[in-house]
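Asks: Sequence and predicted structure, then a few things I'm wondering about:
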Amino acid sequence: MLKIQNYINGEYCDPSEGKWLDNYNPGNGEVYAQIANSDASDVAKAYEAARNAFPSWSNTPIETRSRILLNVSELIEANLGRLAEAESKDNGKPLSLATKVDIPRASANFRFFANAITQFASEAHESVGLDSMNFTLRQPIGVVGCISPWNLPLYLFTWKVAPAIAAGNTVVAKPSEVTPLTAYLLGEILTEAGLPPGVLNIIHGEGPSAGQAIVEHPGIKAISFTGGTKTGEHLARTAAPMFKKLSLELGGKNPNLIFADCDYEEMLNITVRSSFANQGQICLCGSRIFVEETLYEKFKSDFVEKVSQLKVGHPSEDVNLGAVVSQPHMEKVLSYIKIGVEEGGKILCGGNRVKVQGYENGYYLEPTVIEVYDDQCRVNQEEIFGPVVTIMPFKDEADALSKANSVKYGLSSTLWTKDVDRIMRVSKRLEAGIVWVNTWLNRDLRTPFGGVKASGVGREGGFEALRFFTEPKNVCIKYNQNS
Ligand code: NAD
């Protein structure tokens with residue numbers, strides 16, 4: 001059986017204690033690989049490798065670093081088919097999605113930061129009258145930790161490690177133990193691309209052991225984390241007293257505000273996607289749909305009709321939804337559907353597990369739409385992170401904003417209207433790190449990415465990521481005016 005080993009100092013190796021975890025294929029519910037179940041001693045080994053690699057890597061010319069990152073990007077592209085198949089098998093997402101979105105984006109992340117680092121510059125401030133000049137020296141931090149979730153495995157893993165190494169840091173990184181396969185395969189690519197040993201070390205294993213050991217390691221100076229809000233809270237409690245630099249990209253419960261003056265067909269098609277892409281397991285999915293009351297009944301019937309036509313099936317086939325990521329996650333989503341009904345919500349479509357012929361043990365769920373009558377109900381307040389959305393009407397702009405903002409989260413939001421004044425007013429008042437207007441998941445990698453409230457602290461993307469992964473130091477030089 002395939003063994004998903006750690007990648008330390010440029011080599012694959014077994015976990016020190018020889019412990020392994022089962023890796024499931026969500027499409028058929030079977031174990032198909034063993035994952036290194038690493039602990040603090042593996043993290044210590046990875047840290048040593050990273051620390052030894054730091055002096056040389058941080059002094060490697062930017063052109064050389066950039067060239068190596070471009071090599072990684074090209075090799076990901078060259079391995080598109082193999083990586084997409086691995087991602088789909090490991091995560092349950094449709095192969096078509098992994099082929100069109102996940103793996104191309106992983107390649108784009110390396111390409112983007114290979115280029116961005118060549119354009120990254122710092123500021124200078126002349127203190128006129130004080131005969132002095134300040135400049136900001138931006139230096140890599142040292143050894144940094146990157147921890148990523150299971151929903152967009154290679155996509156989010158590379159979104160962190162690419163800027164970290166581009167900026168001259170060396171890294172101890174951990175992908176989710178639920179979906180470790182593509183990060184494991186990345187090891188071969190890093191070696192082939194010419195990344196020096198120790199620059200990027202990949203540790204596999206569970207959060208409370210391997211992940212926690214990264215966060216607790218005194219030599220690891222910064223942590224970039226993407227995952228659930230509860231885990232983020234715990235991580236902050238561990239890292240804050242050690243004064244580590246922290247970037248936290250956490251959960252969401254994103255509103256989708258639909259006004260009657262929108263481009264209806266475009267809105268309807270994109271809303272189906274923003275609700276159920278990747279089985280609803282994208283932190284940016286619009287899981288709370290609010291519709292202006294004059295449009296509500298029409299939207300409800302058209303939306304439910306379209307959602308009912310979505311095809312759920314084995315990820316390798318031509319389907320709209322594959323499997324959700326794991327059995328516990330499937331059970332969590334089903335339990336929320338039950339809660340929704342107990343709270344008085346009405347299931348307009350879906351609500352059940354699907355038994356796909358030939359893959360009866362796979363984790364398949366119907367795309368589910370729940371009509372709710374109180375925006376404070378649990379299914380409207382808590383992150384479900386599956387193929388479940390709620391819908392309810394709103395009266396006017398003020399009501400829409402109040403409903404949109406009355407959650408603890410603030411990651412992204414979607415707004416559908418043609419009224420420019422409203423676009424400006426509502427965008428300013430939405431409590432979210434990202435507002436999409438008449439579009440969704442429209443990403444330019446230069447833009448700041450992240451959330452407010454319980455959705456996180458800090459921003460990734462573009463120069464924001466390079467700023468996070470460097471420490472600014474002001475150098476003030478006094479000079480003599482008289483020669
Ligand atoms: P999770 O918090 O359970 O795990 C995320 C990662 O943290 C995993 O690698 C896990 O092993 C690790 N981890 C767990 N406990 C840890 C600990 N004590 N110390 C260190 N590491 C630990 O999240 P998940 O279930 O993998 O992912 C789903 C969540 O991620 C959802 O809440 C989703 O909204 C969020 N997410 C957010 C974004 C964003 O950009 N804001 C993007 C994708 C997913």
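Replies: Received it, and whenever you're ready, just let me know what you need.
Asks: What residues does the chain have near the ligand?
Replies: With the criterion set to C-beta under 6 Å from any ligand atom, the chain comes near the ligand through 147-151, 156, 174, 176-177, 206-208, 211-212, 215, 226-228, 231, 234-235, 249-252, 283, 383, 385, 411, 451, 455-456. For every residue, glycine as well, the C-beta is placed using N, CA and C.
Asks: Please enumerate the helices of the stretch 201-350 of the chain.
Replies: The residue ranges that make up the helices of the stretch 201-350 of the chain, judged by DSSP state H, counting those that start in this stretch, are 212-216, 229-239, 264-276, 293-308, 327-342.
Asks: Now the buried members of the residues of the chain next to the ligand.
Replies: With neighbours counted by 16 or more other C-beta atoms under 10 Å, these contain buried members at 147-151, 156, 174, 176-177, 206-207, 211-212, 215, 226-228, 231, 234-235, 249-252, 283, 383, 385, 411, 451, 455-456.
Asks: just the helices in the stretch 51-200 of the chain please.
Replies: Using DSSP H, counting those that start in this stretch, the helices of the stretch 51-200 of the chain run over 62-78, 80-91, 95-97, 103-119, 153-166, 181-193.
Asks: any idea how far the shortest one is from the chain center?
Replies: This points to helix 95-97. A distance of 18 Å separates the centroid of the chain from that of helix 95-97, by C-alpha atoms, centre = their mean, to the nearest Å.
Asks: The last one too?
Replies: What separates the centre of helix 181-193 from the centre of its chain is 19 Å, taken as C-alpha atoms, centre = their mean.
Asks: Including mean pLDDT and distance to Arg353, could the helices of the stretch 51-200 of the chain go into JSON lines?
Replies: Supplementary listing: the helices of the stretch 51-200 of the chain in JSON lines, determined by pLDDT from 0 to 100; distance: least, C-beta to C-beta, whole Å:
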{"stretch": "helix 62-78", "mean pLDDT": "98", "distance to Arg353": "34"}
{"stretch": "helix 80-91", "mean pLDDT": "98", "distance to Arg353": "18"}
{"stretch": "helix 95-97", "mean pLDDT": "98", "distance to Arg353": "21"}
{"stretch": "helix 103-119", "mean pLDDT": "98", "distance to Arg353": "29"}
{"stretch": "helix 153-166", "mean pLDDT": "98", "distance to Arg353": "24"}
{"stretch": "helix 181-193", "mean pLDDT": "98", "distance to Arg353": "25"}
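Asks: Would you mind finding the most buried of those helices?
Replies: Burial of these is given as mean neighbour count (mean count of other C-beta atoms under 10 Å); helix 153-166 ranks first at a mean of 27.
Asks: and that helix, what does it pack onto?
Replies: For helix 153-166, the helices and strands in contact under the criterion 3 or more C-beta pairs under 8 Å, 6 or more residues apart in numbering; DSSP states H and E are helix 62-78, helix 80-91, helix 103-119, strand 143-147, strand 170-174, helix 181-193, strand 222-226, helix 462-468.
Asks: same thing but 6 Å
Replies: Taking 3 or more C-beta pairs under 6 Å, 6 or more residues apart in numbering; DSSP states H and E as the contact definition, the neighbouring helices and strands of helix 153-166 are helix 103-119, strand 143-147, strand 170-174, helix 181-193.
Asks: on that earlier part again, wait, which of the helices of the stretch 51-200 of the chain is closest to Asp444?
Replies: Of all these, helix 103-119 sits nearest to Asp444, with 10.0 Å by C-beta to C-beta.
Asks: Before we move on, what's the pLDDT of the residue of the stretch 51-200 of the chain found nearest the ligand?
Replies: Closest approach of the stretch 51-200 of the chain to the ligand (C-beta to the nearest ligand atom) occurs at Pro149, with a separation of 3.1 Å. According to the prediction, Pro149 has pLDDT 98.
Asks: mind pulling up the phi and psi values for the nearest residue to Asp261 once chain neighbours are set aside?
Replies: Nearest residue to Asp261 in three dimensions, chain neighbours excluded: Lys418, at 5.1 Å (C-beta to C-beta, 6 or more residues apart in numbering). Lys418 adopts backbone torsions of phi -100, psi 0, taken as degrees, to the nearest 10.
Asks: try Leu284
Replies: Taking degrees, to the nearest 10, you get phi -100, psi 0 for the backbone angles of Leu284.
Asks: Might one say that it is in contact with Ser413?
Replies: No: if you go by C-beta atoms under 6 Å, Leu284 and Ser413 don't touch, sitting 9.6 Å apart.
Asks: Tell me which of those two has more neighbours.
Replies: Set side by side, Leu284 and Ser413 give different neighbour counts by other C-beta atoms under 10 Å, the larger being at Ser413 (25 against 22).
Asks: what is the more buried one paired to in the beta sheet?
Replies: Here Ser413 sits in beta bridges with Val435, as judged by DSSP bridges.
Asks: Could you check the pLDDT of it?
Replies: The model reports Ser413 with a pLDDT of 98.
Asks: what's the pLDDT at Asn482?
Replies: pLDDT recorded at Asn482 is 86.
Asks: Let me see the contact set for it.
Replies: When contacts are counted by C-beta atoms under 6 Å, 6 or more residues apart in numbering, Asn482 is found next to no other residue.
Asks: Now with 10 Å, please.
Replies: Taking C-beta atoms under 10 Å, 6 or more residues apart in numbering as the definition of contact, the neighbours of Asn482 are Asp131.
Asks: Report the separation between it and the ligand.
Replies: Summarising the geometry, the distance separating Asn482 from the ligand, computed by C-beta to the nearest ligand atom, to the nearest Å, is 55 Å.
Asks: That residue in helix, strand or coil?
Replies: coil (DSSP: H, G, I helix; E, B strand; the rest coil).
Asks: Can you give the domain ranges for the protein?
Replies: Structurally, the chain divides into domains by automatic domain parsing as follows: 2-250+455-474, 254-437.
Asks: about what we covered before: list residues touching both of Leu284 and Ser413?
Replies: With contacts taken as C-beta under 10 Å, 6+ apart, the residues that reach both Leu284 and Ser413 are 252, 254, 434, 436.
Asks: Now pLDDT too, for those, in JSON lines please.
Replies: Formatted as JSON lines, the entries for the shared contacts of Leu284 and Ser413 read as follows, by pLDDT from 0 to 100:
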{"residue": "Gly252", "pLDDT": "98"}
{"residue": "Asn254", "pLDDT": "98"}
{"residue": "Ile434", "pLDDT": "98"}
{"residue": "Trp436", "pLDDT": "98"}
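Asks: ok, of those, which one's closest to the ligand?
Replies: Sorting the shared contacts of Leu284 and Ser413 by how near they are to the ligand, with C-beta to the nearest ligand atom, puts Gly252 at the top with 5.3 Å.
Asks: Just confirm the closest one contacts Thr229, I think it does.
Replies: Yes: the pair Gly252 / Thr229 is scored as a contact, 8.9 Å apart, by C-beta atoms under 10 Å.
Asks: Quick check: neighbours shared by the two?
Replies: What both Gly252 and Thr229 touch, as defined by C-beta under 10 Å, 6+ apart, is the set 383, 409, 451, 453-456.
Asks: Filter the residues you listed down to just the ones in strands.
Replies: 409, 453, 456 (DSSP state E).
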